[in-house]
Structure formats: structure tokens, C-alpha cells
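Colleague: Build me a structure from this.
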Amino acid sequence: MKRLLTIHTAILVVTLILAVARVDAGTVLVPGMSGGALIVSNVTSLKEARYRSTIHQKYDFSCGSAALATLLTHHYEDRVSEQEVFKWMYTHGEQEKIRREGFSLLDMKYFLEAHGYLADGYRVELDKLALAGVPAIVLVNMKGYRHFVVVKGVTDKRVLVGDPGLGTRIVARNEFEKMWNGLVFIIRNRSVRSENNFNRLEEWRCVREKAPLGLALKNSDLASITMLLPGSGGVLP
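Modeller: Okay, here's the model as predicted:
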């Protein structure tokens with residue numbers, strides 16, 4: 001009798017494991033332990049959570065357009081796709097330079113101005129950015145690869161980053177400062193809306209740790225800030 005119960009229990013466990021069925025991107029059906037009822041649980045994969053408020057770049061060198069789309073869509077409630085931003089900046093930009101070096105902050109500034117935004121680059125410390133309470137696009141150097149990301153929040157020890165290549169993630173502040181060149185690119189108008197979407201608690205919770213601003217930069221300085229290292233020869237697809 002004891003052996004039969006053991007076999008029955010083992011079969012039940014195996015049945016339960018095999019019966020777990022994913023029916024869509026966010027729902028899992030699990031057989032109930034009594035009466036054959038089904039328990040429906042809404043779940044979010046780690047990848048889905050990472051890209052919930054960060055737009056995933058579709059090409060190796062489109063982090064600039066994805067970062068700008070992330071900033072507008074998730075911090076200024078102005079929905080725009082990476083493709084729309086990419087197409088506009090490429091059409092209106094210096095195409096040969098873009099193919100060679102990628103988009104610059106100046107390309108982003110022109111896009112924003114054409115859509116009713118005022119934006120500039122500043123050299124500031126993270127504490128001042130946190131005090132201003134506005135999200136920013138920044139350029140980081142990841143082991144020789146320059147990459148645009150969005151700073152979504154800042155604390156004493158951590159930085160919440162919207163990375164078009166890796167999703168929303170938390171980086172230790174000292175590690176972030178090693179990668180960052182000290183420049184921030186921010187939108188100067190519509191700040192009330194952006195302040196409501198900076199340092200959002202729900203964004204901090206959904207990811208794990210891997211971890212007045214000064215003088216505006218000149219357009220010539222913004223044009224020189226691209227995502228590729230000088231002479232890297234990268235080409236957009």
C-alpha cells in the first residue's frame with residue numbers, strides 16, 4: 001500500500017510538472033491541487049521586465065535612436081518608435097558621417113527641436129542631475145565600445161539605466177562613473193512631466209543590480225559626440 005501511494009505521488013508530481021502550459025507571453029496555467037481547477041498566474045519574464053520601459057535597439061548601431069525613443073516614450077509620454085527616430089535623423093542628418101560613426105547628440109537635438117522640444121548637453125555631476133530630477137541621455141564607454149543609454153534614476157550608490165542593448169538595469173554608481181564621460185543630454189522644456197517619470201520606484205523594483213545645470217555645450221561639441229570611437233570605422237546597417 002505504501003509503495004502504491006509513493007508511485008501515485010510521483011506520478012502526480014510528474015503530471016503537474018508536464019501540465020504547466022504557457023498560453024501567452026504573460027500567463028501560465030497550473031493544474032489545481034483539488035477539484036481539477038486551474039490556477040492562472042500572470043508572470044513576466046526577466047527579458048520582458050528589462051524592456052518594459054526601455055526600447056530595445058534593433059541594430060548594432062541604433063542605440064542613439066532607441067535611447068531617444070525611450071526618453072520620449074517612457075519619460076515624456078510621447079510615444080515614438082525607434083524606427084521613426086532612426087528614419088528622421090538619418091534623412092535629415094549627414095548620412096555619410098552617420099554611416100561611418102553613427103548618430104551624434106546633435107542629430108538628437110535637431111530631431112527634438114523639430115518636434116517641439118528644447119534640448120542641450122551639459123557637463124554635470126550625478127548629484128546635480130539627481131537634484132534636477134530629470135532623465136538624461138548619456139554616452140558610456142563599455143570596454144572600448146561607446147554606447148548611448150538613458151539615466152532613469154540616481155541614488156547615493158546606484159544608477160538606474162535604460163540600456164537599449166541590455167534593457168533597464170541597475171549599475172553601481174562608482175562603476176557607472178568609470179564608464180561615463182560626464183556629459184548629460186537633457187530636454188529643457190516640459191520638465192514637470194519628466195520629473196514625474198524620474199526615479200520611479202516601480203522601475204527600481206523590476207530590475208536587479210548587476211549591478212539650473214551649468215553652461216550648455218555648443219552644437220559643434222554635440223556633433224562630435226557619437227557612439228563610436230574615433231577611427232572605429234563602424235557602419236550602420
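Colleague: The closest residue to S81 other than its chain neighbours - how many residues pack around it?
Modeller: For S81, ignoring the flanking residues on the chain, the nearest one in space by C-beta to C-beta, 6 or more residues apart in numbering is A69 at 6.0 Å. (C-beta placed from N, C-alpha, C; glycine too.) Counted with other C-beta atoms under 10 Å, the neighbours of A69 add up to 25.
Colleague: For stretch 53-68, measure first residue to last.
Modeller: End-to-end distance of stretch 53-68 (C-alpha to C-alpha, to the nearest Å): 12 Å.
Colleague: Check stretch 86-103 too.
Modeller: First-to-last distance for stretch 86-103 - C-alpha to C-alpha - comes to 9 Å.
Colleague: Would you mark the buried spots in it?
Modeller: Of all the residues in stretch 86-103, those buried under the rule 16 or more other C-beta atoms under 10 Å are F86, W88, M89, Y90, G93, I98, R100, E101, G102, F103.
Colleague: The fourth one touches I98, doesn't it?
Modeller: Right, the one you point to is Y90. Yes: here Y90 reaches I98: they are 5.9 Å apart, a contact under C-beta atoms under 8 Å.
Colleague: The residue nearest to S81: helix or strand, and which one exactly?
Modeller: helix 63-75 (DSSP states H and E).
Colleague: cool, and V149?
Modeller: strand 145-154.
Colleague: now the angle from that strand to helix 63-75?
Modeller: 10 degrees (axes from the mean of the first three to the mean of the last three C-alpha atoms, to 10 degrees).
Colleague: This completes my enquiry, with thanks.
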